[in-house]
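K.L.:
Return atomic coordinates for the entry below.
(chains A, B, C and D)
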There are 4 protein chains.
Amino acid sequence: MSADNLQVGIIGTGAIGGLHAHNLALRTNGANVAAVMDIDRERANAVAQACGARAVQDAAGLIADPEIDAILIASPDASHAELSLAAIAAGKPVLCEKPLATSLADAEHIVNAELAAGQCLVQVGFMRQVDPAHCDLQALLLSGQLGAPLRFRGTHFNPRRGDTIISIKDAIVNSLIHDMHSLRWLMGSEVQSAFVQWLPDRADMPHSARFALAHLTLDNGGLATLEWSGDSGYGYEVGVEIVGELGTAQTHSHSSPAIRRAGRLSQAVTPDWQDRFAEAYQIEVQDWVDSLRQGAPTGPSAWDGYMSLVIADACLRSVDSGLPEPTRAMDHPAFYA
Amino acid sequence: MSADNLQVGIIGTGAIGGLHAHNLALRTNGANVAAVMDIDRERANAVAQACGARAVQDAAGLIADPEIDAILIASPDASHAELSLAAIAAGKPVLCEKPLATSLADAEHIVNAELAAGQCLVQVGFMRQVDPAHCDLQALLLSGQLGAPLRFRGTHFNPRRGDTIISIKDAIVNSLIHDMHSLRWLMGSEVQSAFVQWLPDRADMPHSARFALAHLTLDNGGLATLEWSGDSGYGYEVGVEIVGELGTAQTHSHSSPAIRRAGRLSQAVTPDWQDRFAEAYQIEVQDWVDSLRQGAPTGPSAWDGYMSLVIADACLRSVDSGLPEPTRAMDHPAFYA
Amino acid sequence: MSADNLQVGIIGTGAIGGLHAHNLALRTNGANVAAVMDIDRERANAVAQACGARAVQDAAGLIADPEIDAILIASPDASHAELSLAAIAAGKPVLCEKPLATSLADAEHIVNAELAAGQCLVQVGFMRQVDPAHCDLQALLLSGQLGAPLRFRGTHFNPRRGDTIISIKDAIVNSLIHDMHSLRWLMGSEVQSAFVQWLPDRADMPHSARFALAHLTLDNGGLATLEWSGDSGYGYEVGVEIVGELGTAQTHSHSSPAIRRAGRLSQAVTPDWQDRFAEAYQIEVQDWVDSLRQGAPTGPSAWDGYMSLVIADACLRSVDSGLPEPTRAMDHPAFYA
Amino acid sequence: MSADNLQVGIIGTGAIGGLHAHNLALRTNGANVAAVMDIDRERANAVAQACGARAVQDAAGLIADPEIDAILIASPDASHAELSLAAIAAGKPVLCEKPLATSLADAEHIVNAELAAGQCLVQVGFMRQVDPAHCDLQALLLSGQLGAPLRFRGTHFNPRRGDTIISIKDAIVNSLIHDMHSLRWLMGSEVQSAFVQWLPDRADMPHSARFALAHLTLDNGGLATLEWSGDSGYGYEVGVEIVGELGTAQTHSHSSPAIRRAGRLSQAVTPDWQDRFAEAYQIEVQDWVDSLRQGAPTGPSAWDGYMSLVIADACLRSVDSGLPEPTRAMDHPAFYA
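P.N.:
Here you go, the predicted structure:
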């Protein structure tokens, strides 16, 4: 079925952009990587060669290129909003890595641009929504076996990345944003208020974050806790646990061999997100390609990107005030039913 | 990278053939399903339509068709050998479902045909070799953490299929053949002798099989037990446990949510092989396509197909004698290094 | 070693008092149940007969009885403080079920009475401190393998008890008090502030509790969340999870057979606290008897009982204010080193 | 309830005798250790002192001592039969460590002595029968949830003990004897034939055993495999897995904390049998004392001791012949209903 392969242009070829390029070019049915752009030309060239694509230098030109059907944005966070707006202006579908924007105002601009354009073009890279462990949990919730969900617990434990010190604000906007989306998606509810507690990573930097807890109340009456570590000590792990009226359930993602050795029964934990979510990233782009060839994106929308930032925004205010803070969001447009 | 998509012809569009057709047409990069053949014309037409392929009626014609680059054989077991020989004669690569043949003599013909042709064309559908759970176990063994492997335990538990009564001979040649390959692959050793015990499925049919144990001794001094059920009572499950000099390890394949409900903490077991090995079947054909586009197949060879039947053959003789029986194999051709 | 068996008097023969009586009389070395008291005479008589003890009607008389060496208090919560004070006045050791008192002021009286008496007589029934699952976790923490503990998560899930509606205040003082002690014991730190969130059990009773979360900050800089359910839907379960600088650990208490049946791999969850903590209750009284025969109690002290109520007190104020509240405690007497 | 404490005499104060002495003296209700005997006088004295008992030098005298009510035999295997016969002759109940005897003929003498005495006096130390993990599995089988049991798999993995080389015969008679009893007890069936395979521990000692498999057929039509290691590489582990008509179940005995550290999720495995079966040994003697104070032993009988040796005997013949061998047993006396 190669006749009408989707021609994709990729902006940003770092860790996540390179992974998407590899998956689209070599592991996806029905798509080609037509062009890649990166301010690091060498990196762009290397990825282009591996994918049989052109390397270009200009993001705007890539978006405008009539031979390119769809855009994948994997550039630094701060550029997401502007590039998404450009793609919308060009009328091209876009898969934008999370976060959709780095401010709530910018995310609102994107939502308004889509409303003005009258068509859904933007999908946000919340790939956990196609991760088998998460999908199985959703299917369980939808089956009614747990009754109504009362409490959500998300855990998001990262290995330390070299000498990087992460601020509590970055932890919220760049990393916990994933868990905020999972919460909305799985609980089927928006968030009402947020209260953030954290442990600094360095005693002399009170806004650095080694560990964080966000306690949320939900519109449907439920409670949620998002738990984040920037230095797990053991690897990368993401989990969701939901307490329902009739029981509880949690995602299970340890599928490595059970080893008995040296006094212990053990399983390996995935070392990083690339390993943990390898399958999800592959499914995400295959589904995106399939959906575009059939008409329109079906994954997380610009509205989902905006609403996750609504939670992040309340969390950031709680960081400043030290108290629970209410969320503040625009009205839900009927367009995003 | 669609320029040189591999054009695949599929013979047999039943459960496994239909799955391969779906994966090749919709989930694989670099291949097309060009034609499908099945004696059930309706089924062939339905699969052809879903894949954008032609439905044809003649297996020989499909094999000879110059527009077809490679053959996938998923027809009934008894036809595997003849079709594989035809593909070899046509000089075309073939992915043949297991077992390679239904007799050791037929499997030997195929090996000899490849030797005569001077090139490896046949790959056998032992897809566990690309199943992540099995690959992780192999990686562990190769890492040396367990020391030399001493004992292999394979479990292969099937749900009952309607009213079907399976004979101990079919259980061995059609089903346990998978575990025989896993044993050879993971233990890195051939089998020396086999002793089979089984429980009949019906008291009045002593050669029917509900449960079977094959106890094997290995060339490298190790021991193996293959454990098979035709009526697990709970679902489909395949596992490998290996005892090494320094410890033990077993595959772990339960990744569904951990649920607490109604007095129990539980996880779903996969109901059937389609569910358990969905990812492996996808990887198998993607890898096959990639390998052919780069030159030659890299998966389980005709020799692997033959050697698994060598074990099956000793098991069949043990069924008849009630005693341990030695294996009997041709010399290992240098061609299959 | 029966020469100097400890003669124990038990006040209260309900579920927990009856269990203690059984354990002391039939499963403990070095003790006898000399007398039991309960306002329900029939129940007292039945327990007395099963234990070879006298049934008496007067708690004060039982405490004063010169033939009785030690007192076990398992009467309703509201009587704990008064009876403990009476035992201290009589100079007799007492094992008092939790909570030590139902108000912080009463607990302070008991601490002051012990200080005045100049000897530790009171042990509080925080039996998790001898539960093997909890002890193993403590040993792990003490080993240093996890580094300094940063975050404590306690879960305490109960099955619904008939039509009983539990108030958030009772949930805190009678049930979560266990988790408050576990937190102090395992984290080696006192609590600085408490913030409580809960879901009402009945919409028309806002102070009823079906589910509760207490978020605590610790003197050592750590964070803690206590999670409580009054209607788990699946059984009784208590767990502790600790995030340390070098890794995390959680208690593991599912030791029932792993069953594969009807599509699921499962283990039974204990239905109630009697089943979950059967071994701990036995160890608790054996250790108590052993310690008294060797001199003085070694389990959780009156101070531990008081400090757990300090946390409960801050939680109750948070319930009223809807905000984080600081703890308020008397100075730590050197007597309780 | 100390009035009629059972006065126990213990013969043998090594690892297992010392453990029994400790449990009887300090952890058991209703018993005293009156005297202990060991050919190692120092060891006997130390144990006697710790238990408040007399140390004696003569086993026959201890058995005859009118102040001693019951005998516990924990001396070397070769002395079990003679001492049990002496206790029967004295009309005293005896808890004899496994194996009951080191030859089938000696075990038959004991059975015949009990038949002649007309009362059950002997209990054999198959303490797995009171191990909670095993009891839970039995309860499950009796509940009918698994249907009729078809297949038993016992695993018995030991850590290497220093430089000791264990012969395949010792592995069978001293160690696998435990699993033979578990099989009979849980499957409710005797054994029909045995086929033994093993891996030598040293290449130059073909009858040394590092790893062994015993494949058994049962009177009820079932199949069993007993799997033994003398050098597990990781600790001590005993497990039972049973395949029934409706599903499967296996004992679960890992209750240590689940730790995430250094790339792995792990639990400690018990290092040795003392640790793994600590609770079972305590229950065993408490139950034995309780049963004797109420009349007669209720644990595994001399007949159970004999029938386990019947299996061992067939295994030993299989070791010699290299073939499956039938079991040979005396008729089941109605006395042991």
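
K.L.:
which ones are touching A:D136?
P.N.:
A:T251, B:S255, B:S256, B:P257, B:A268 (CB atoms under 8 Å, 6 or more residues apart in numbering or on different chains). Every residue, glycine included, has its C-beta placed from N, CA and C.

K.L.:
A:A194 is in contact with A:A212, isn't it?
P.N.:
No. The criterion here is CB atoms under 8 Å, and A:A194 misses it with A:A212 at 11.6 Å.

K.L.:
Of these two, which one has the most company?
P.N.:
For A:A194 versus A:A212, neighbours defined as other CB atoms under 10 Å in any protein chain shown are more numerous around A:A194 (27 against 24).

K.L.:
got a pLDDT number for the more buried one?
P.N.:
pLDDT, A:A194: 98.

K.L.:
same question, A:S255
P.N.:
82.

K.L.:
And the residue of the stretch 101-250 of chain A that's closest to chain D?
P.N.:
A:Y234 (4.4 Å; CB to the nearest CB).

K.L.:
Which of the helices or strands spans that residue?
P.N.:
Using DSSP states H and E, A:Y234 falls within no helix or strand.

K.L.:
Identify the residue nearest it in space, chain neighbours excluded?
P.N.:
Closest residue to A:Y234 apart from its sequence neighbours, by CB to CB, 6 or more residues apart in numbering or on different chains: D:R260 at 4.4 Å.

K.L.:
ok, now A:I283?
P.N.:
A:V130 (4.4 Å).

K.L.:
my read: the one you found touches A:V285, true?
P.N.:
No. Between A:V130 and A:V285 there is no contact under CB under 8 Å: 9.8 Å.

K.L.:
Specify the next element, helix or strand, located C-terminal of the longest helix seen in chain A.
P.N.:
Taking DSSP state H as the criterion, chain A has its longest helix at helix A:302-321. Per DSSP H and E, helix A:302-321 leads on to strand A:325-326 as the next helix or strand towards the C-terminus.

K.L.:
Tell me how far that next one lies from the chain's centre.
P.N.:
23 Å (CA atoms, centre = their mean, to the nearest Å).

K.L.:
Quick one: neighbours of the residue of the stretch 101-250 of chain A closest to chain D, just the number.
P.N.:
Around A:Y234 there are 22 residues (other CB under 10 Å).

K.L.:
same check, this time on A:L6
P.N.:
20.

K.L.:
list the contacts for it?
P.N.:
Taking CB under 8 Å, 6+ apart as the definition, contacts of A:L6 comprise A:G30, A:A31, A:N32, A:D69, A:A70, A:V289, A:L292, A:R293.

K.L.:
Tell me the spatial nearest neighbour of A:L216, not counting adjacent residues.
P.N.:
Nearest non-adjacent residue to A:L216, counting by CB to CB, 6+ apart: A:A224, 4.2 Å away.

K.L.:
coming back round to it: hmm, the residue of the stretch 101-250 of chain A closest to chain D is touching A:P271, no?
P.N.:
No. Taking CB under 8 Å as the definition, A:Y234 is not a contact partner of A:P271, at 9.3 Å.

K.L.:
between these two, what contacts are shared?
P.N.:
Counting by CB under 8 Å, 6+ apart, the residues touching both A:Y234 and A:P271 are A:P159, D:G263.

K.L.:
sorry, back to before: quick one, what contacts the residue nearest to A:Y234?
P.N.:
With CB under 8 Å, 6+ apart, D:R260 has these contacts: A:S232, A:G233, A:Y234, A:G235, A:E237, A:V269, C:G247, C:T248, C:A249, D:S266.

K.L.:
can we see that at 6 Å?
P.N.:
By CB atoms under 6 Å, 6 or more residues apart in numbering or on different chains, the residues touching D:R260 are A:Y234, C:G247, C:T248.

K.L.:
what about it, is that helix, strand or coil?
P.N.:
strand (DSSP: H, G, I helix; E, B strand; the rest coil).

K.L.:
looking at the sheet around it, what are its partners?
P.N.:
D:R260 has these beta-bridge partners by DSSP bridges: C:T248, D:L265.

K.L.:
near chain D, which residues of the stretch 151-300 of chain A show up?
P.N.:
Within the stretch 151-300 of chain A, the positions near chain D by CB under 6 Å from any CB of the partner chain are A:Y234, A:G235, A:H254, A:R260, A:R261, A:G263, A:R264, A:L265, A:S266, A:Q267, A:A268, A:V269.

K.L.:
For the stretch 1-150 of chain A, which residue gets nearest to chain C?
P.N.:
Closest point on the stretch 1-150 of chain A to chain C, by CB to the nearest CB, is A:L150, at 5.7 Å.

K.L.:
Kindly confirm my reading that that residue is in a strand.
P.N.:
Yes. Assessed with three-state DSSP, A:L150 lies in a strand.

K.L.:
and the gap between it and A:A224?
P.N.:
Distance of A:L150 to A:A224, given as CB to CB, to the nearest Å: 10 Å.

K.L.:
What of A:I168?
P.N.:
18 Å.

K.L.:
between the two, who's got more neighbours?
P.N.:
Neighbour tally, A:I168 and A:A224, criterion other CB under 10 Å: the higher count belongs to A:A224, 29 against 26.

K.L.:
Show me what the more buried one is bridged to.
P.N.:
Going by DSSP bridges, A:A224 forms beta bridges with A:F152, A:L216.

K.L.:
isn't it right up against A:H215?
P.N.:
No. Counting by CB atoms under 6 Å, A:A224 does not reach A:H215; the two are 7.4 Å apart.

K.L.:
Please name every helix or strand in contact with the helix or strand hosting A:W228.
P.N.:
Using DSSP H and E, the element containing A:W228 is strand A:223-229. Applying 3 or more CB pairs under 6 Å, 6 or more residues apart in numbering or on different chains; DSSP states H and E, we find strand A:223-229 packed against strand A:149-157, strand A:211-218.

K.L.:
what angle sits between the next helix or strand after that strand and strand C:223-229?
P.N.:
Reading on from strand A:223-229 to the C-terminus, the next helix or strand found by DSSP H and E is strand A:237-244. Interaxial angle, strand A:237-244 versus strand C:223-229 (axes from the mean of the first three to the mean of the last three CA atoms, to 10 degrees): 30 degrees.

K.L.:
so A:V196 makes contact with A:A214?
P.N.:
Yes. Counting by CB under 6 Å, A:V196 touches A:A214, with 5.1 Å between them.

K.L.:
Between these two, which contacts overlap?
P.N.:
A:C315.

K.L.:
Pull the distance from stretch A:157-173 to the chain's centre.
P.N.:
16 Å.

K.L.:
Okay, now it: how far is its last residue from its first?
P.N.:
15 Å (CA to CA, to the nearest Å).

K.L.:
Ok, stretch A:219-234 next?
P.N.:
Using CA to CA, the two ends of stretch A:219-234 sit 35 Å apart.

K.L.:
Can you tell me what sits against it?
P.N.:
Contacts of stretch A:219-234 (CB under 6 Å, 6+ apart): A:150-160, A:166, A:171, A:176, A:179, A:183, A:187, A:189-190, A:192, A:209-216, A:269, C:197, C:213, C:246-247, D:260-261, D:263.

K.L.:
Reformat the contacts of D:R260 as a markdown table; add pLDDT.
P.N.:
Output for the contacts of D:R260, formatted as a markdown table (pLDDT from 0 to 100):
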| residue | pLDDT |
| --- | --- |
| A:Y234 | 96 |
| C:G247 | 97 |
| C:T248 | 98 |
